[in-house]
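Participant: Dropping a prediction and its sequence here:
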Amino acid sequence: MSDFAGMEDLLQDFLQEAGDLLSDVDNKLVDLERSPDDRRLLNDIFRGFHTIKGGAGFLNATELVTLCHLTESLFDKLRNAEIRLTAALMDTIMAATQSVRHMFGEIAQGTQPHAAPGEVSVALRAILEGRVESQADTGMAAAVNVADEGPDWHALHAAVSGQDIALPAVAARSTPAAAANAAAAADAAVDLSKLKPHFPPEGRRSTDKPGAAVSGAPSGRRADERAAAREATIRVDTTRLDQVLNLSGEIGLTKNRLTSLRADILAGRTDSETLQALDQAVSQLDLLVSDLQNSVMKTRMQPIGRLFQKYPRIARDLARQLGKDVELALIGEETEVDKTMIEDLADPLIHLIRNAVDHGVEGPEERLLAGKPAKSVVRLEARQEGDHIVLIIADDGHGISPERIRAKAVEKNIISEEEANTLDDRQSLNLIFLPGFSTMAQASAVSGRGVGMDVVKTNIQKLNGSIEIRSEPGKGSVFIISLPLTLAILPVLLVLLGDQPFALPLSMVREILPIDHQRMQEVGGKETLVVRGEILPVIALSRLLGWPQLRQPEYGVLMQTAERSFILAVDNFAGRDDAVIKALDDFRPRGVAGVTTLSNGQIVLILDMKELLADLGTQADRDLRSTPARALEFFA
C-alpha cells in the first residue's frame, strides 16, 4: 500500500511543482558558479529549497524536509556572507540536489523517502557548524555521476570521511567541544566501502545498523524514470482554453443554424435564399472547425525551455569530471514544441550535449595553445522556421575531420576502402550515425562504444525529423535537427500510383519536376537524371511498394533525407494536404508511418520513406514488397 494513500492528487501536484523548482535550482546553481556573489541567484535558490521543503512537509516526507532544511540553511549563510562559495562547496550542494531528486523518485513510487547518504548530511552539517574552516576541494565532483545514475557514494565517502575535508584534523585545531562533535560526526559516517553505488531494489536503504550494507539496488535513475514516464497531464494556458471554449460555442450556434436549414429543406424550401444561407453556414462551420483544430493543437504545444533546463547541470557535471571549463548557452527557450515530441527529444539531446563536452571541445590548456579562450561554449538553440522546429547543438571545439571519419569507418570494416573514396565530406560526416561507429581508441565511462549516434538518428527519424552535421576542423561542429511543428498534423504531398493516392512527408520534398525519359541515363545499373549538375538516382514508387508498373511514370519528386537525395517517380499528383495522422499501434506494416482520411472518406497511407529506402534491393525488400498493398486491404 502506498505511504501516501488518500493524498494522490497532492502527491502529483507536489512532484510536478517540485520537479520544476529543482530543475530551475539546478540551472541557477550553474549560473551561480559563474557569479558566486549574485545575491539574486542566492535568494532564488534559497526560496526554491524553502518551497520544496514546505511541500514535503504537507506529505510528511521527513527526510526530504531535513535535507532541504540543511541546504536552505547553507544558502542562508551564503547570502548573508557568513561563508564563501567555493568549487568544493558547490560540489557538496550538487550532491545534495541529486539526493533530493532521488527522493522524488522514491516518493513517486509511493514510499516515504529515506535519509540522504550519510556523507552528504555530514558534509552539510560540518559546513553549517563551522567545522570545515577552508572548504578545500572535497572531491565531490567525482561523486556526481553525469549519466544521472546517481552519486558515486564511494567517492563521497572518500571525500568526506578524512581525505579532503578531514574532519578530525579540523577538530584538532578547534575547541574540545568542536573536536567531540567532529569525532562523533566522523564516527557516525556510514562505511560505504561495502556499498554498491545504487539504491536498493525496493527503493529503500538499510539504516538499521551503522555501516549496514545496502541490499540490492535499483538506481535512482530508474526511479526517476518511472516518476517521469509519459506524463498523462499537460499544462495549458487559460487563454488558450478560453479560445477553445469560445470556438466550441460558435460551432454550437452554427450547428443549430444548420439543423434549422435542414428542417426547412426537408419541408420543401429550396429557394435561392435558403440555399445561400446553407452555403454560408457550411462555410462558417468549415472555418470554425479549422480554427478549433488549430487551437486544440496549440494546447499540446509547450515551451522547449522545460526540456532545456535539465541540461546546464548535466554539462557542468561532465565538464568538471573531465577537467574542462564549459558553458552551455541556451537560446530560444520560449520556442514551442509538441509535448509528446519534447519527451522523445530528451535522450537524443542529452547524448549530443555529452558528445560536445566530451569529444567536441578541448581542455583549457589545448584551447589556449590554439589561441582560443580557455572556456569553451556549447550552444543549444531552438527556433521555428515555417512549419518546422530547428534545434542546433554547436560547439567551438576542434571540429570533425572527414578524412579521419572515413579512415575509422574503413578500419572498423563498416565500409570498404572503395566506398570511402566515393564519399564527399558531407557523406563522410554522416558515417558517425552508422551503428558501431566510434573514433575513440577505447571506451570510457562517458562514451566510446559506438552505440549512441545511431540511436540519436533513429529517435529523430521516429519524430519524422532529420539531422545534419556541419563541421570545420579547428573551429567546431554544428548538429542541426529539423522537426515538424507537431506530430498530430503532418503536411503531406499526395501522389498517385494509378488511381491510388499515397502521402509523402512534405518535409522531405525539395521540388517536383517532369521526367524526360530520353534524358535518363544508366549509371552502375541504375537509372539516373542530372538535375542542375547533380546526378540523382531515379526510384519508381511502384518498385518501392512492389506494385506492377503499368506505365512509364510521368513526374518525379526530388526528395532529400539526411543520407541521400533521389527522384521518386510517380504517375501523377493529387495535391498538398495537412494530414491528421492516425497512428497504427496494433497493425503497423513496415514502410507505413500511419494513415489519414481524405475529405471523400478515402483511406490514404502515409509512407515511411526511410524504411522503404532502407530495404531497397535487400531480401527484406523482396519479402515485404506487398506490405503496403496488404495494409490497404486491411483498411478497405
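Facilitator: Sure thing, it's come through.

Participant: Where do the helices of the stretch 301-450 of the chain begin and end?
Facilitator: For the stretch 301-450 of the chain, the helices defined by DSSP state H, counting those that start in this stretch occupy 305-308, 311-322, 339-355, 364-369, 402-411, 417-421, 425-429.

Participant: of all these, which lies closest to residue 91?
Facilitator: helix 311-322 (7.8 Å; Cβ to Cβ). For the C-beta atoms, the positions are set from N, CA and C on the backbone; glycine is no exception.

Participant: If you average the pLDDT over that closest one, what comes out?
Facilitator: For helix 311-322, mean pLDDT rounds to 89.

Participant: CA-only coordinates of it, as PDB, when you get a sec.
Facilitator: Extracted C-alpha coordinates of helix 311-322, given in PDB (Å, rounded to 0.1, in the frame of the first residue of the first chain):
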ATOM      1  CA  TYR A 311      21.000  20.300 -19.500                       C
ATOM      2  CA  PRO A 312      23.200  23.000 -17.900                       C
ATOM      3  CA  ARG A 313      23.600  20.800 -14.800                       C
ATOM      4  CA  ILE A 314      24.500  17.800 -17.000                       C
ATOM      5  CA  ALA A 315      27.000  19.800 -19.000                       C
ATOM      6  CA  ARG A 316      28.500  21.300 -15.800                       C
ATOM      7  CA  ASP A 317      29.000  17.900 -14.000                       C
ATOM      8  CA  LEU A 318      30.500  16.300 -17.100                       C
ATOM      9  CA  ALA A 319      32.900  19.200 -17.800                       C
ATOM     10  CA  ARG A 320      34.000  19.200 -14.100                       C
ATOM     11  CA  GLN A 321      34.700  15.500 -14.300                       C
ATOM     12  CA  LEU A 322      36.700  15.900 -17.500                       C
END
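
Participant: shaky segments in this structure?
Facilitator: The model of the chain has pLDDT under 70 over residues 1, 132-232, 387, 438-451, 561-563, 583-588, 615-636.

Participant: Looking at the helices of the stretch 301-450 of the chain, which one is packed in the most?
Facilitator: Of the helices of the stretch 301-450 of the chain, the one with the most neighbours on average (mean count of other Cβ atoms under 10 Å) is helix 311-322, at a mean of 22.

Participant: now the angle from that one to helix 339-355?
Facilitator: 20 degrees (axes from the mean of the first three to the mean of the last three Cα atoms, to 10 degrees).

Participant: Run through the neighbouring helices and strands of helix 311-322.
Facilitator: Helices and strands touching helix 311-322, as assessed by 3 or more Cβ pairs under 8 Å, 6 or more residues apart in numbering; DSSP states H and E, comprise helix 8-34, helix 87-108, strand 326-331, helix 339-355.

Participant: Distance from the second one to the middle of the chain?
Facilitator: Right, helix 87-108. Computed by Cα atoms, centre = their mean, to the nearest Å, the chain-centroid distance of helix 87-108 equals 22 Å.

Participant: same thing with the third one?
Facilitator: For strand 326-331, the distance between its averaged C-alpha position and the chain's averaged C-alpha position is 16 Å (Cα atoms, centre = their mean).

Participant: what comes up buried for that strand?
Facilitator: For strand 326-331, burial by neighbour count (16 or more other Cβ atoms under 10 Å) applies to 326, 327, 328, 330.

Participant: ok, for the second one, nearest residue in space, not its chain neighbours?
Facilitator: Read it as residue 327. The shortest distance from residue 327 to any residue other than its chain neighbours is 5.2 Å, reached at residue 377 (Cβ to Cβ, 6 or more residues apart in numbering).

Participant: What sits closest to residue 425 if chain neighbours are left out?
Facilitator: Residue 425's closest residue in space is residue 402 (Cβ to Cβ, 6+ apart), at 4.3 Å.

Participant: hmm, I was thinking of residue 434
Facilitator: residue 414 (5.5 Å).

Participant: list the contacts for the one you found?
Facilitator: Applying Cβ atoms under 8 Å, 6 or more residues apart in numbering to residue 414 gives the contacts 431, 434, 436, 437.

Participant: wait, isn't the second one in contact with residue 409?
Facilitator: Put plainly, it is residue 434. Yes: assessed by Cβ atoms under 8 Å, residue 434 is found in contact with residue 409 at 7.2 Å.

Participant: Give the burial count for residue 525, as a bare number.
Facilitator: Residues lying near residue 525 (other Cβ atoms under 10 Å) number 5.

Participant: repeat for the one 4 residues further on
Facilitator: Residue 529 has 21 neighbouring residues, counting by other Cβ under 10 Å.

Participant: likewise residue 470?
Facilitator: 16.

Participant: The closest residue to it other than its chain neighbours is in what secondary structure piece?
Facilitator: Spatial nearest neighbour of residue 470, chain neighbours left out: residue 478 (4.5 Å); criterion: Cβ to Cβ, 6+ apart. For residue 478, the host element (DSSP states H and E) is strand 476-484.

Participant: other SSEs contacting that strand?
Facilitator: Partner elements for strand 476-484 (3+ Cβ pairs under 8 Å, 6+ apart): helix 339-355, strand 388-395, strand 466-472.

Participant: And the first one, what does it pack against?
Facilitator: I take that to be helix 339-355. strand 301-303, helix 305-308, helix 311-322, strand 376-385, strand 388-395, helix 453-462, strand 476-484.

Participant: Show me how this structure divides into domains.
Facilitator: 8-228, 238-299, 305-484, 489-635 (automatic domain parsing).

Participant: From one end of the shortest one to the other, what's the distance?
Facilitator: Looking back up the chat, that one is domain 238-299. 10 Å (Cα to Cα, to the nearest Å).

Participant: And it, how far out from the chain middle?
Facilitator: For domain 238-299, the distance to the chain centre is 40 Å (Cα atoms, centre = their mean).

Participant: my read: residue 467 touches residue 459, true?
Facilitator: No: using Cβ under 8 Å as the test, residue 467 is too far from residue 459 to be in contact (9.6 Å).

Participant: Give the residue from those two that has the larger number of neighbours.
Facilitator: Taking neighbours as other Cβ under 10 Å, residue 467 and residue 459 compare with residue 467 leading, 22 against 18.

Participant: Now do the same contact list for that one.
Facilitator: Counting by Cβ under 8 Å, 6+ apart, residue 467 has contacts 433, 456, 457, 460, 479, 480, 481, 482, 562.

Participant: swap in residue 495?
Facilitator: If you count contacts by Cβ under 8 Å, 6+ apart, then residue 495 has 501-504, 541, 555, 557, 568, 570-574 around it.

Participant: Ignoring the adjacent residues along the chain, who's closest to residue 423?
Facilitator: Nearest to residue 423 is residue 406, by Cβ to Cβ, 6+ apart, at 6.3 Å.

Participant: so that neighbour touches residue 424, yeah?
Facilitator: No: contact criterion Cβ under 8 Å: residue 406 and residue 424 do not qualify, at 10.4 Å.

Participant: quick one on the thing from earlier: quick check, nearest of the contacts of residue 495 to residue 60?
Facilitator: For the contacts of residue 495, the nearest to residue 60 is residue 503 (54.4 Å; Cβ to Cβ).

Participant: Which positions are bridged to the residue nearest to that closest one when sequence neighbours are not counted in the beta structure?
Facilitator: Distance criterion Cβ to Cβ, 6+ apart; nearest residue to residue 503, sequence neighbours excluded, is residue 492 at 3.9 Å. According to DSSP bridges, the partner residues bridging residue 492 are residue 505, residue 577.

Participant: Strands of the stretch 451-600 of the chain, residue ranges please.
Facilitator: 466-472, 476-484, 489-497, 500-505, 509-514, 521-523, 526-531, 534-540, 555-560, 565-570, 572-580, 592-597 (DSSP state E, counting those that start in this stretch).

Participant: For the ones you listed, give me TSV that also has distance to residue 32.
Facilitator: Shown next, in TSV, are those (distance: least, Cβ to Cβ, whole Å):
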stretch	distance to residue 32
strand 466-472	33
strand 476-484	27
strand 489-497	42
strand 500-505	44
strand 509-514	47
strand 521-523	60
strand 526-531	55
strand 534-540	52
strand 555-560	45
strand 565-570	48
strand 572-580	46
strand 592-597	45
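
Participant: quick one: residue 479 from residue 92, how far?
Facilitator: 34 Å (Cβ to Cβ, to the nearest Å).

Participant: Thanks again, I'm all set now.
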